[in-house]
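Novice: Generate a structure from the sequence data that follows.
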Amino acid sequence: MNSSALVVGSSGIAGSAVARELAGQQWHVTGLARRPRDETGVQPISADLLDPSALAEAVRGLEPTHVYLTTWARQATEAENIRVNALMIRNVLDALRPAASVRHVALVTGLKHYLGPFEAYGKGTLPQTPFREEQRRLDVENFYYAQEDELFAAAERDGFNWSVHRPHTITGVAVGNAMNMATTLAVYASICKATGRPFRFPGSEVQWNSLTDMTDARQLARHMVWASTTPAAANEAFNIVNGDVFRWSWMWSRIAEWFDIQPAAFDGTLLPLEQQMANDAAIWRDVAAKQGLVEADITKLVSPWHTDADLGRPIEVVTDMSKSRKLGFTGYQASDEAFFDVFATLRERRLIP
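Specialist: Purely as a prediction, here's the structure:
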């Protein structure tokens, strides 16, 4: 297969996993990010997706057959999310148009497609769970919809195939990532262990008791490569989760066990991590100094706001994977082991004690 890939957002949780998966399958891989990281088998290039001229120069000479769009930029309002994130998709595809090499573009969005954007997250009239791909868009502005529309318009104009991938919360390792539950919980658990604070579930009673699912970044990567190389999967949107379900009442104990701490009893009271960890910067600096960790700035590791959004939801969130299964995708990842793999990697890299 004479295929080459451009991974946009290659330094993030999803993008780095996609780049590794492609490199492992012997693709020629180029990773694009503002601050690309060294990755075996990945050619790094740097560009700002909001600077069209610099972006066009950065990709000049590239002739990717497959493009993987795995990045977004959080803005203060949903209107700005829509403007900025749609523009980034448009700029990338415009920059690649002169080479006329692209055969497939895969876009990562997520379950905010069904749950609504941050400003209206989990509110209003939502579709029934499990979420299925054929459910219609919500009647609300959403930057995921704007990204999709940019992709669809470019595909129709330029003649390439596309796929959209909707993961649930992604577990993986990427320092500085804006949506990073596994690392956030690892730092929180480490602080609780170091200080003797209770390891308390920060979310809602609904999330504690209801079924849910997750998406390992490696599972997402396998799914994106599968869809982009499977003719039957062309021009389709897909949910992508690990394939198991769990309750946080069980997972919280599993995480506590890994860190060798006792989980606090949950009384149903919402106590967000943004509140619990508001004054933890100095504590983390002290932990990092004592344990010889490589990152003492807690803000580069944790994203409490995003973890709170997921764990504080007032509704059950379960995702249907039947569409992918029927077309032949059989990937599976146990969600507790996905957390443990992240924790082990963080410890190996001296990011947590």
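Novice: C-alpha only now, for contacts and for neighbours.
Specialist: Fine.
Novice: Residue 291: how many residues sit nearby?
Specialist: Residues near residue 291, counting by other C-alpha atoms under 10 Å, number 13.
Novice: For it, which non-adjacent residue is spatially closest?
Specialist: The shortest distance from residue 291 to any non-neighbouring residue, by C-alpha to C-alpha, 6 or more residues apart in numbering, is to residue 353 (6.1 Å).
Novice: count of neighbours near the one you found?
Specialist: A total of 20 residues lie near residue 353 under the criterion other C-alpha under 10 Å.
Novice: what about it, distance to residue 191?
Specialist: Separation of residue 353 from residue 191 (C-alpha to C-alpha, to the nearest Å) stands at 10 Å.
Novice: Could you do residue 269 as well?
Specialist: Residue 269 is 21 Å from residue 191, where distance means C-alpha to C-alpha.
Novice: Between those two, tell me which one has more neighbours.
Specialist: Neighbour count, other C-alpha under 10 Å: between residue 269 and residue 191, residue 191 has more, with 21 against 11.
Novice: which ones are touching that one?
Specialist: Counting by C-alpha atoms under 8 Å, 6 or more residues apart in numbering, residue 191 touches 197, 283, 284, 287.
Novice: again with residue 41
Specialist: Counting by C-alpha under 8 Å, 6+ apart, residue 41 touches 20, 23, 24, 28, 29.
Novice: buried subset of these?
Specialist: 20, 23, 28, 29 (16 or more other C-alpha atoms under 10 Å).
Novice: Hmm, residue 5 and the third one touching each other?
Specialist: Going back to what we said before, that points to residue 28. Yes: counting by C-alpha atoms under 8 Å, residue 28 touches residue 5, with 6.2 Å between them.
Novice: Any chance you could list residues touching both of the two?
Specialist: Residues touching both residue 28 and residue 5 (C-alpha under 8 Å, 6+ apart) are residue 22.
Novice: do you know how far the spatially closest residue to residue 62 that is not a sequence neighbour is from residue 73?
Specialist: Closest residue to residue 62 apart from its sequence neighbours, by C-alpha to C-alpha, 6+ apart: residue 99 at 7.5 Å. Look at residue 99 and residue 73: by C-alpha to C-alpha, they are 26 Å apart.
Novice: and if you look at residue 237?
Specialist: 22 Å.
Novice: quick one, phi psi at the closest residue to residue 289 other than its chain neighbours?
Specialist: Leaving out its chain neighbours, the residue that sits closest to residue 289 by C-alpha to C-alpha, 6+ apart is residue 296, at 7.5 Å. Phi and psi for residue 296, reported as degrees, to the nearest 10, are phi -90, psi -10.
Novice: Identify the residues contacting residue 296.
Specialist: When the contact criterion is C-alpha under 8 Å, 6+ apart, the partners of residue 296 are 284, 285, 288, 289.
Novice: for residue 218, same thing?
Specialist: Counted by C-alpha under 8 Å, 6+ apart, residue 218 has contacts 14, 17, 18, 21, 172.
Novice: where along the stretch 101-250 of the chain do the helices fall?
Specialist: 112-115, 143-158, 181-195, 205-209, 217-229, 248-258 (DSSP state H, counting those that start in this stretch).
Novice: Reformat the ones you listed as CSV; add distance to residue 278 and mean pLDDT.
Specialist: CSV is the format used below for the helices of the stretch 101-250 of the chain (distance: least, C-alpha to C-alpha, whole Å; pLDDT from 0 to 100):
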stretch, distance to residue 278, mean pLDDT
helix 112-115, 26, 93
helix 143-158, 29, 98
helix 181-195, 11, 97
helix 205-209, 22, 96
helix 217-229, 28, 98
helix 248-258, 21, 98
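Novice: The ones you listed: which one's closest to residue 53?
Specialist: With distances scored as C-alpha to C-alpha, the stretch of those nearest to residue 53 is helix 143-158 (18.7 Å).
Novice: residues in contact with the helix or strand containing residue 275?
Specialist: Applying DSSP states H and E as the criterion places residue 275 in helix 273-276. Helix 273-276 is contacted from outside by 202, 304, 305, 307, 308, using C-alpha under 8 Å, 6+ apart.
Novice: Farthest-apart pair in the residues you listed, please.
Specialist: Across the contacts of helix 273-276, no pair lies farther apart than 202 and 305, at 11.2 Å, counting by C-alpha to C-alpha.
Novice: So these two - more neighbours on which side?
Specialist: Each of residue 202 and residue 305 has its neighbours counted (other C-alpha under 10 Å); residue 202 has more, 22 against 17.
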